[in-house]
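>>> Quick one, what's the 3D model for this:
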Amino acid sequence: LIEDAHKGDVILVEQIDRLARLNQADWDTLKRMLSEKKLSIVSKELPTSYMALQSESSTEFMSSVLQAINSMMLDMLAAIARKDYEDRRNRQMQGIARAKVEGKYAGRGKDTEKRKIIASLLKSGHSYSDIQKMAKCSRHLIADVAKERLRMLSTR
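Below is the predicted model of the structure:
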């Protein structure tokens, strides 16, 4: 998105947490990239973001103040979103660990049909890119199936 954006474009974000679940270093990198291209973030959750856009007709001082407030609020909302995301992930991991101990969680099973299709395509010499398109799967899954095939072939 940043590559495709033109200098001074506006990026409309439905919710700040969709943009800001990054760790602090990645968030700082994103902000730097946005700043270098002079891109503005606007969200309905952040009234100062669209007020800053409308302030072009007001004084330079007022525009600077709104941009500073917007930047501070964006950082604060990003920190809250990041904390919320990390808390949810931790609670999820705790719940899964508890469910495993109680024998109530086995995880998602392997899609054996998709794996058979991928194995067949590998056997017939298709490239990973072709398989990815045809089977609508990740390269990681293709590599996993390829490793399984090699293990099976080496044990014969």
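>>> Let me see the mean pLDDT of stretch 81-96.
Averaged across stretch 81-96, the pLDDT comes to 94.
>>> and what of stretch 132-152?
Here the average pLDDT along stretch 132-152 is 95.
>>> And that stretch, what's buried?
In terms of neighbour count (16 or more other CB atoms under 10 Å), stretch 132-152 has its buried residues at 132, 135, 137, 141-142, 145. C-beta: built from backbone N, CA, C; applies to glycine.
>>> from these, which is closest to Gln24?
Leu141 (31.8 Å; CB to CB).
>>> coming back round to it: now secondary structure and distance to Gln94 too, for the buried residues of stretch 132-152, in CSV please.
CSV is the format used below for these (DSSP: H, G, I helix; E, B strand; the rest coil; distance: CB to CB, whole Å):
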residue, secondary structure, distance to Gln94
Gln132, helix, 34
Ala135, helix, 34
Cys137, coil, 30
Leu141, helix, 28
Ile142, helix, 33
Val145, helix, 32
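>>> Can you tell me which of those lies closest to Glu86?
Checking the buried residues of stretch 132-152 one by one against Glu86 (CB to CB), the nearest turns out to be Leu141, at 27.3 Å.
>>> in which helix or strand would I find the closest residue in space to the closest one that isn't next to it in sequence?
Spatial nearest neighbour of Leu141, excluding adjacent residues (CB to CB, 6 or more residues apart in numbering): Ile118 at 6.8 Å. Ile118 is part of helix 112-123 when elements are defined by DSSP states H and E.
>>> Could you list every helix and strand that that helix packs against?
Packed against helix 112-123 by the contact rule (3 or more CB pairs under 8 Å, 6 or more residues apart in numbering; DSSP states H and E) you find helix 128-135, helix 139-154.
>>> how many neighbours does Gly125 have?
If you count neighbours by other CB atoms under 10 Å, Gly125 ends up with 7.
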